[in-house]
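Colleague: one predicted model, sequence on top.
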Amino acid sequence: MRQEGHCHLVSYCHYLCGPFRKQLGKKVHIESYGCQMNLSDSEIVASILAREGYERAERPEEADLVLLNTCSIRDKAEQTVLNRLDGLTHLKRKNPEMKVGVLGCMAERMRADLLEKKQLVDLVVGPDAYRSLPGLLDEIGTGQKAVNVLLSRDETYADIAPVRLQTNGVTAFISIMRGCDNMCAFCVVPFTRGRERSREPITIVREARDLVRNAYREVTLLGQNVDSFHWSGADGRTTDFADLLAMVAEVDPLLRIRFSTSHPKDMTDKVLEVMAHHPNICSYIHLPVQSGSSAVLQRMNRGYDRDRYLDRIAAIRHFMPDAAISTDIITGFCGETEEDHQDTLSLMREVRYDMAYMFKYSERPRTLAARNYADDVPDDVKGRRLQEVIDLQMRHAADRNQLHVGKEQETLVEGVSKRSADHLFGRNTQNAVVILPKCNAGHADLRPGDLITARIRSATSGSLQGELVRIDHPAPIPKDTIHA
Ligand code: SAH
Ligand code: SF4
Ligand code: F3S
């Protein structure tokens, strides 16, 4: 019998390769809902399944296994997934061998209830249990249903090299921590993602180096509250988020660094100093405020009041006068009065955000708010307040974007514009989208990965129109293909 580590014949593989044998030739289709963290987790799942011999299927019709990586943040997010599961029913009827799994936050929140609610679901796996997927797949292969929603205090998947999904080959996410210990009153994340834990810094730096070798130009470091990143090494040395940022920034001066999400109660001047000191750390901070009213912030258990928040904004402007700032806002949280709402609008006028994600409050089971407060703002009032917040933000975004006009800005080209194949889009360091013509007289055609100087000709609330001044660093060529 042959003893090589690699199999030369499929039939050998079938019998020799242990865990590989069952899944040979099988295909998995993964859909990600929710935040960037979920997309990053799907890349871990893809890596675990690739080791099991699974190939990727672009469409569920081609797959033996369909996985939905789900979000519970608002009721609407869960409804989207439940509807998607209904949409898969006809596929399962056509192909009863096809298995369907629910991963992520909804799996954690609903657990085995999901199996009852949606008969077609075979597998439910929470965010800390992805290493058990091979065993669970064996179980469902024998016609059983399988559930693992154990949360962990130390799982960070630090040793698993993600398989980059939906990639443009230019920008990538790196998870630097998992879970959240904050217990904001409205938020389900601490229940679905468990306790906060940080990943060993050297594994983060290695992942960034790998990405550089593979021609990536930008990484976004991800955590629910990156400012509470903390690692204590065996030698007693500690690494905080500012230290980590500096370490990643020093991997390569041409690798741009972004991160999300900063927390107003924990964001230090040290982080801002590191940002100001490293030109390759982008001048952009996402600093969710949630509400401009100190009374509401207190009920939300956010750990800061309006003054502390504005103090952090002043610090950002001090260290990085050109930085763009974005935020998250919730309208209609429990007990929010008209005056509280006016406080949110006035805070927006004071800060003038470049961008904002804005939501109506949606009560989530088990949260502090669900247990302690009545969801007492009527839906139409929540909706009207949300519209006022959106209208104001549109005006601010248009004004802020206008400030770029006439300037020459470093822009990283990311891909083809959705609106026109003759145009590419990129982002400046402030994270604003810049639309650029693909062909430019006297220059090579622009390509994703080009780091260029663009002159901004005009602006709307959503994007900037630019023209090429020069290509500073053409798109690099990947040095290896491990993430291909
Ligand atoms: N960790 C990040 C937020 C993650 S959730 C932070 O602390 O800022 C992303 C955003 O969803 C939140 O900032 C909040 O604005 C919104 N959100 C969370 N729970 C919500 C709920 N129950 N209803 C409406 N919006 C919610
Ligand atoms: Fe949720 Fe608050 Fe944690 Fe953000 S910091 S994930 S809003 S509990
Ligand atoms: Fe949603 Fe879970 Fe992210 S609830 S927002 S997918 S952490």
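Modeller: Yep, it's here. Ligands and ions are numbered 1, 2, ... in the order given.

Colleague: how does the chain divide into domains?
Modeller: Following automatic domain parsing, one finds the domains of the chain at 10-148, 171-400, 408-473.

Colleague: hmm, the first one touching ligand 2?
Modeller: Spelled out, it's domain 10-148. No. Using C-beta under 6 Å from any ligand atom, domain 10-148 never reaches ligand 2; the gap is at least 8.4 Å. Bear in mind the C-beta positions are built from the backbone N, C-alpha and C, glycine included.

Colleague: could you do the second one as well?
Modeller: Yes. Legend: contact between domain 171-400 and ligand 2 by C-beta under 6 Å from any ligand atom is shown at 180, 182, 183, 184, 187, 189, 190, 224, 225, 263.

Colleague: how about residue 427, what does it touch?
Modeller: The neighbours of residue 427, taking C-beta atoms under 8 Å, 6 or more residues apart in numbering as the test, are 411, 412, 414, 433, 434.

Colleague: any idea how far the residue nearest to residue 242 when sequence neighbours are not counted lies from ligand 1?
Modeller: Of all residues not flanking residue 242 in the chain, residue 270 sits nearest, at 4.1 Å (C-beta to C-beta, 6 or more residues apart in numbering). Residue 270 is 20 Å from ligand 1, where distance means C-beta to the nearest ligand atom, to the nearest Å.

Colleague: quick one, phi psi at residue 270?
Modeller: Per-residue torsions, residue 270: phi -60, psi -40 (degrees, to the nearest 10).

Colleague: and if you look at residue 356?
Modeller: Dihedral angles (degrees, to the nearest 10) for residue 356: phi -150, psi 150.

Colleague: residue 472 too?
Modeller: Residue 472 adopts backbone torsions of phi -80, psi -40, taken as degrees, to the nearest 10.

Colleague: neighbours around it, how many?
Modeller: Neighbours of residue 472 under the rule other C-beta atoms under 10 Å: 12.

Colleague: ok, and the closest non-adjacent residue to it?
Modeller: Counting by C-beta to C-beta, 6+ apart, residue 472 lies nearest to residue 451, which is 5.3 Å off, once chain neighbours are set aside.

Colleague: for that neighbour, give the beta-bridge partners.
Modeller: On the basis of DSSP bridges, residue 451 takes part in beta bridges with residue 412, residue 473.

Colleague: that one against residue 476, yeah?
Modeller: No. Taking contacts as C-beta atoms under 8 Å, residue 451 lies outside contact range of residue 476: 9.4 Å.

Colleague: which one's more surrounded, these two?
Modeller: residue 451 (20 against 17).

Colleague: for the stretch 101-250 of the chain, what lies in contact range of ligand 3?
Modeller: Residues of the stretch 101-250 of the chain lying near ligand 3 (C-beta under 6 Å from any ligand atom): 104, 105, 188, 189, 192, 193.

Colleague: same thing but 8 Å
Modeller: Counting by C-beta under 8 Å from any ligand atom, the residues of the stretch 101-250 of the chain close to ligand 3 are 104, 105, 106, 127, 188, 189, 192, 193, 224.

Colleague: who's in contact with the residue of the stretch 351-484 of the chain found nearest ligand 3?
Modeller: The minimum distance from the stretch 351-484 of the chain to ligand 3, using C-beta to the nearest ligand atom, falls at residue 364 (8.8 Å). If you count contacts by C-beta under 8 Å, 6+ apart, residue 364 has them with 72, 73, 74, 75, 186, 187, 188, 370.

Colleague: hmm, try it at 7 Å
Modeller: 72, 188, 370 (C-beta atoms under 7 Å, 6 or more residues apart in numbering).

Colleague: before we move on, what about residue 245?
Modeller: Per C-beta under 7 Å, 6+ apart, neighbours of residue 245: 257, 271, 274, 281.

Colleague: residues in contact with residue 114?
Modeller: When contacts are counted by C-beta under 7 Å, 6+ apart, residue 114 touches 102, 107, 121, 124.

Colleague: neighbour-wise, which of the residues you listed leads?
Modeller: residue 107 (28 neighbours).

Colleague: farthest pair within the residues of the stretch 101-250 of the chain next to ligand 3?
Modeller: Checked with C-beta to C-beta, these reach their widest spread between 106 and 224, with 16.9 Å between them.

Colleague: state whether residue 357 is indeed within a helix.
Modeller: No. Using DSSP: H, G, I helix; E, B strand; the rest coil, the assignment for residue 357 is strand, not a helix.

Colleague: excluding chain neighbours, give the residue nearest to it in space.
Modeller: Sequence neighbours aside, residue 328 is the residue nearest to residue 357 in space, at 4.8 Å (criterion: C-beta to C-beta, 6+ apart).

Colleague: assign a three-state SS to that neighbour, would you?
Modeller: Assignment for residue 328 (three-state DSSP): strand.

Colleague: residue 73 versus that one, what's the distance?
Modeller: Note on residue 328: its distance to residue 73, by C-beta to C-beta, to the nearest Å, is 11 Å.

Colleague: repeat for residue 400
Modeller: Relative to residue 73, residue 400 is positioned 26 Å away (C-beta to C-beta).

Colleague: so what's the closest residue to ligand 2 within the stretch 301-450 of the chain up against?
Modeller: Scanning the stretch 301-450 of the chain for the residue nearest ligand 2 gives residue 302, at 7.2 Å (criterion: C-beta to the nearest ligand atom). By C-beta under 7 Å, 6+ apart, the residues touching residue 302 are 184, 265, 290.

Colleague: could you do residue 276 as well?
Modeller: 319, 320 are the contacts of residue 276 under C-beta under 7 Å, 6+ apart.

Colleague: now it: which helix or strand?
Modeller: helix 269-277 (DSSP states H and E).

Colleague: for that helix, give the mean pLDDT please.
Modeller: Averaging pLDDT along helix 269-277 yields 98.

Colleague: buried residues in that helix?
Modeller: By neighbour count on 16 or more other C-beta atoms under 10 Å, the buried set for helix 269-277 is 271, 272, 274, 275, 276.

Colleague: one step back: residues near the residue nearest to residue 357, how many?
Modeller: 14.
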